[in-house]
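# Task: produce atomic coordinates for the following.
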Amino acid sequence: MASDITIRSAVGEDEQEVRVRIDEALQVFNAVERACTRFDPCSSLMRANARLEHWNRVGRVCFDALIEAHWAYRETAGRFDPRVLSDLVAMGYSRSLPFAEGNVLLDGGPRPDRPPMPFWRPRFREVSEEVMLGSHPVDLGGIAKGLAVRWASQVLAGGHGYLVEAGGDCYCAGTAPDGGPWRIAVEDPAGGTQPLAVLAIGDLACATSSVRLRRWKVGGKSVHHIVDPDTGQSGGEGLASVTVVATDPAVSEVWSKVLFLRGSDAIGELAAQRGLAAMWVDESGAVAASPGMECHVLWRAA
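Purely as a prediction, here's the structure:
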């Protein structure tokens, strides 16, 4: 997943039992990576992408991830659409890259907008764990990471407070080791060393979609990995990052992407309409939040 994974558990439990559960939770991430990565042609996802109009047995992990992705597609009226793999490849993002090491230049040139894709109607066979994806290949990307956080958290459930975090997606259960809420920093998407805000959450998830790392240049044009499914181009005009707090990490991940694609002019309206707890940073570095987020804000940069 090209992400560091952090699991923290509050004191008060048997140390050996905690270590066993943490090892089991880490195995969840390994299983999701093997099944859902787009960077391995042998993964369950990529084998299904190679046979789009055929039934493919993908196994339980990939099957459940695709079910969740289709639910998110319907819930957001198609604004979350995982069928952007071809767009990412066309922009040069065909392999896992060390974006954090500096400016990345990829082959290719500017592309015109493509027509919107048809309605997504994948087919599923629950008992045999088979899927037929349809006419466009799928990138599970962020939602798979959110699901991995969810499923790893379920392994840890039942004990004291804990935190599971992977690349900006996290779930915070119970209380932090100091007995208070978990405090989550909202990083500066411009790369500053100090956070722009600190959130207080408990028994909630938090996800941030940002273009700080996965931004590159193709044909002299700056692009990033958050693709507008209507055009096939990088979206989110005027925004640098969006953070969403919700009850579930995959839900937080999905809505952080959908809100990002609304751009700086329209994000506040959608967040308010949906009652979402959201915070966003525009390209100038200004921070704003929806009414639903204010109760979670401990501190915000002036």
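# Am I right that residue 257 sits in a helix?
Yes - with the criterion set as DSSP: H, G, I helix; E, B strand; the rest coil, the secondary structure at residue 257 is a helix.
# How much space separates it from residue 227?
Taking CB to CB, to the nearest Å as the criterion, residue 257 is separated from residue 227 by 9 Å. Every residue, glycine included, has its C-beta placed from N, CA and C.
# give me the element the residue nearest in space to the middle of the chain is part of.
The geometric centre of the chain, computed from its C-alpha atoms, lies nearest to residue 142 (CA atoms, centre = their mean), at 3.0 Å. Residue 142 belongs to helix 141-156 when elements are defined using DSSP states H and E.
# That helix - contacts with which helices or strands?
strand 5-9, helix 15-36, helix 59-75, strand 162-166, strand 169-173, strand 204-210, helix 249-274 (3 or more CB pairs under 8 Å, 6 or more residues apart in numbering; DSSP states H and E).
# Taking helix 249-274 as reference, get the angle to it.
With axes from the mean of the first three to the mean of the last three CA atoms, to 10 degrees defining the directions, helix 141-156 sits at 110 degrees from helix 249-274.
# Quick one: distance of helix 141-156 to the chain centre.
For helix 141-156, the distance between its averaged C-alpha position and the chain's averaged C-alpha position is 10 Å (CA atoms, centre = their mean, to the nearest Å).
# May I see the buried residues of it?
By 16 or more other CB atoms under 10 Å, the buried positions in helix 141-156 come out as 141-153, 155-156.
# swap in stretch 232-242?
Within stretch 232-242, the residues that count as buried by 16+ other CB under 10 Å are 232, 233, 234, 235, 236, 239, 240, 241, 242.
# surely the fourth one meets residue 257?
No - if you go by CB atoms under 8 Å, residue 235 and residue 257 don't touch, sitting 9.3 Å apart.
# what do the two both touch?
Counting by CB atoms under 8 Å, 6 or more residues apart in numbering, the residues touching both residue 235 and residue 257 are residue 226.
# Which ones among the buried residues of stretch 232-242 lie within strands?
239, 240, 241, 242 (DSSP state E).
# Make CSV out of these and add distance to residue 125.
What follows is those, written out as CSV (distance: CB to CB, whole Å):
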residue, distance to residue 125
239, 39
240, 42
241, 39
242, 35
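# Look up how far residue 244 lies from residue 207.
Remark: distance between residue 207 and residue 244 (CB to CB) = 6 Å.
# Mutual contacts of those two, please.
When contacts are counted by CB under 8 Å, 6+ apart, the set common to residue 207 and residue 244 consists of 252, 253, 255, 256.
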